[in-house]
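A.B. asks: Following is a predicted model, sequence given first.
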Amino acid sequence: MFYLFGMTKILALVFIFVGSVSIAQTVQKVNGNDVVIDITTANKAQVGDKIIFLDAGLNKVGEGTLSKVSTGGSKAIVHLQSGTAQPGSVWENSNSVKAEPLPPQVNLTESDKDILERGEISTTRYVVGGLLSIYPGFGIGQAVEKRYMERGWIFTVGEVAAIGVLAVGVSECALQSIGSSSTTTNCTAGAATLGLFGFLGFKIWEVVDAWVVPLNQNDRYHELTKGKNSDLQIRPYLYPLASGGGGGGINIAF
């Protein structure tokens, strides 16, 4: 009784083992460069597929191209192109795992790389930087926007130099006035004028840069990252006045 029960268990295990072997992707026969393989229903192969042969350690030992499939689709012939294949060894279809398509390559400029490294300029940094560009200036607003090395240093150097030229011009005129006994002097105030207009030019450039450039860079950042724009949109604008001159303001959209 126990003998029959034990034999039944052994036969059941043998059946399971044979069944598992029958569905494995194995090499049946090797005839020169033609290799006959089994094809499972779960791993269909077709003519032209690249077949890779593996050893017991699942290391690649050979490869070939599937050249013919049987009428029933359970067996096929692979033409061995390199390496070896042994009866009973395992094979796999290299075409069954399709590689993900690579994303399109984008040629990034140095400016784009800087924008991606810096990231999006937040609304807080944008507004605070814009206000600090008006006063006191000297590139502090660009530093708050994390753009000092890009352009802020230009305003620091330019405005300090302009103030220096202005001071030299004013001091020359002052010294000439003190040292002259007449009511008129030869002071043309050329250096002072140059320094004044130079400072105003740098100041206007600095303010426009602090309020306009971050918006353009954020738009470019969203294009590069394919992200969504911020819910809060801030745009400066200018408009002419009927009485002459013009005005400006900030448009805030939610």
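C.D. replies: Perfect, thanks for sending it.

A.B. asks: CA atoms for contacts and neighbours, from now on please.
C.D. replies: Noted.

A.B. asks: Now do the same contact list for the closest residue to Phe53 other than its chain neighbours.
C.D. replies: Spatial nearest neighbour of Phe53, excluding adjacent residues (Cα to Cα, 6 or more residues apart in numbering): Trp91 at 4.4 Å. Trp91 sits next to Gln25, Thr26, Val27, Ile51, Ile52, Phe53, Leu54 when contact means Cα atoms under 8 Å, 6 or more residues apart in numbering.

A.B. asks: same thing but 10 Å
C.D. replies: If you count contacts by Cα atoms under 10 Å, 6 or more residues apart in numbering, Trp91 has them with 24-27, 37-39, 51-55, 58, 60-63, 85.

A.B. asks: do Gln142 as well
C.D. replies: 125-126, 128-130, 132-133, 148-153, 155, 206-207, 209-211, 214.

A.B. asks: Would you mind writing the PyMOL command to select the buried ones in the contacts of Trp91?
C.D. replies: With 16 or more other Cα atoms under 10 Å as the criterion, this PyMOL line picks the buried residues out of the contacts of Trp91:
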select buried, resi 24+25+26+27+37+38+39+51+52+53+54+55+60+61+62+63+85
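
A.B. asks: Mind naming the longest helix for the chain?
C.D. replies: Taking DSSP state H as the criterion, the chain has its longest helix at helix 190-225.

A.B. asks: Show me which parts of that one are buried, residue by residue.
C.D. replies: If you call a residue buried by 16+ other Cα under 10 Å, then helix 190-225 has these buried ones: 191-193, 195-196, 198-199, 202-203, 206-207, 209-212, 214-215, 217-222.

A.B. asks: List the buried residues of stretch 113-130.
C.D. replies: The neighbour-count check on stretch 113-130 (16+ other Cα under 10 Å) flags Ile115, Leu116, Glu120, Ile121, Thr123, Arg125, Tyr126, Val127, Val128, Gly129, Gly130 as buried.

A.B. asks: thinking the second one is in contact with Asp219, fair?
C.D. replies: No: at 11.6 Å, Leu116 does not count as touching Asp219 under the criterion of Cα atoms under 10 Å.

A.B. asks: circling back: look up which helix or strand the residue nearest to Phe53 falls in, please.
C.D. replies: Using DSSP states H and E, Trp91 sits in strand 90-93.

A.B. asks: how about the strands of the stretch 1-150 of the chain, start to end?
C.D. replies: For the stretch 1-150 of the chain, the strands defined by DSSP state E, counting those that start in this stretch occupy 27-31, 34-38, 50-54, 60-69, 75-83, 90-93.

A.B. asks: JSON lines for those strands, including distance to Ala143 and mean pLDDT?
C.D. replies: Compiled in JSON lines, the strands of the stretch 1-150 of the chain are given as follows (distance: least, Cα to Cα, whole Å; pLDDT from 0 to 100):
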{"stretch": "strand 27-31", "distance to Ala143": "69", "mean pLDDT": "86"}
{"stretch": "strand 34-38", "distance to Ala143": "68", "mean pLDDT": "87"}
{"stretch": "strand 50-54", "distance to Ala143": "58", "mean pLDDT": "86"}
{"stretch": "strand 60-69", "distance to Ala143": "57", "mean pLDDT": "87"}
{"stretch": "strand 75-83", "distance to Ala143": "62", "mean pLDDT": "87"}
{"stretch": "strand 90-93", "distance to Ala143": "57", "mean pLDDT": "82"}
